[in-house]
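Asker: could you work out the structure for the sequence below:
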Amino acid sequence: MKKITICLFIFGSVFFSGCGAYMAPTFEDPGNTAVPNYQFNYSVQDQKNLKVPLTFLLISPSYSVVYPQLWIQGRDDLQNIVKNFSKAIEGDFNELMVDRGFRLISLLKDQAMATYSQREQSTFALKSRIEIEVNATQNSFTEPKEQLGSGLIGAKNFSYGVATGEFNVKYKIYLEVYEPFTWQLIWVKTIEEQEPKTISYSYNWNYTDSKTMAVKIGTDSRPQSLANVLMEVYQNTLSKCEVFIDPDEFTILARNADDIRKKAQGVVK
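Answerer: Purely as a prediction, here's the structure:
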């Protein structure tokens with residue numbers, strides 16, 4: 001009877017040791033990603049105002065954004081940052097126009113929606129287009145690694161992998177001014193940097209399940225890195241807009257716009 005007990009004990013030990021070798025692996029948590037801290041805000045530097053009243057009919061800005069292919073499980077954050085950038089720049093640009101002394105009429109989605117009355121009351125119509133291209137290059141990428149000594153008792157443990165790289169952000173902003181009665185283009189400016197803005201990023205990643213091989217991203221610096229670049233772009237863009245939106249220049253352009261309108265109406269031949 002004792003021999004049988006000993007045999008059962010040995011069999012049980014071998015059986016459970018064997019089961020241990022087949023336990024599902026465990027994956028180290030790559031950590032949490034902090035909510036990006038940023039603010040798109042601009043204050044007018046030069047208090048240069050109009051001497052005669054001029055009115056602008058505003059057409060909603062159009063946006064074109066190209067996102068990087070390497071943005072793994074983070075595209076929503078990137079989209080939100082770019083969306084907030086676009087919304088804020090529209091608001092601060094309008095404030096800049098008001099600070100310059102211009103009167104603003106409505107904000108139309110398209111010039112076709114402008115009424116006869118709105119066009120007649122306006123000296124100019126302003127359209128803007130913003131193009132942002134966000135590229136990402138990868139400098140290094142490591143897979144999760146099995147930790148030394150794991151798997152002897154229980155599951156194998158895998159530490160997280162790490163990726164590093166750089167963002168490159170290019171942008172163009174087009175400002176176009178039309179005579180609103182004829183929609184004739186009378187003024188255009190393009191704002192862009194000669195060299196793209198570059199900033200480094202890194203993130204940790206690991207699997208969450210050995211069956212589905214789902215991936216979790218953690219300690220991700222990409223949202224904050226992108227926000228930092230766009231905050232710099234934001235300040236540079238509006239400071240240039242402040243130079244371009246010159247009340248003296250638009251006072252001269254108003255005479256040209258008036259001549260175009262009178263010719264269209266048959267007042268001047």
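Asker: what secondary structure does the closest residue to residue 86 other than its chain neighbours sit in?
Answerer: Computed as Cβ to Cβ, 6 or more residues apart in numbering, the closest residue to residue 86 that is not its neighbour in sequence is residue 63, at 5.2 Å. For glycine as for every other residue, the C-beta is placed from the backbone atoms N, C-alpha and C. In terms of secondary structure, residue 63 is strand; the call rests on DSSP: H, G, I helix; E, B strand; the rest coil.
Asker: so residue 63 bridges to which residues?
Answerer: Under DSSP bridges, the beta-bridge partners of residue 63 are residue 130.
Asker: verify the stated contact: it with residue 130.
Answerer: Yes: Residue 63 lies in contact with residue 130 (Cβ atoms under 8 Å); the separation is 5.0 Å.
Asker: between the two, which contacts overlap?
Answerer: Common contact partners of residue 63 and residue 130 (Cβ atoms under 8 Å, 6 or more residues apart in numbering): residue 86.
Asker: who has more neighbours, those two?
Answerer: Taking other Cβ atoms under 10 Å, residue 63 and residue 130 do not tie; residue 130 has more neighbours (20 against 17).
Asker: verify the stated contact: the more buried one with residue 82.
Answerer: No: in this structure, residue 130 is not within contact of residue 82 by Cβ under 8 Å, at 9.7 Å.
Asker: pull the residues that contact the strand or helix carrying residue 256.
Answerer: Assigned by DSSP states H and E, residue 256 belongs to helix 247-264. Residues from elsewhere that reach helix 247-264, judged by Cβ under 8 Å, 6+ apart: 48-52, 54, 100-102, 123-124, 177, 179, 181-182, 184, 186-187, 268-269.
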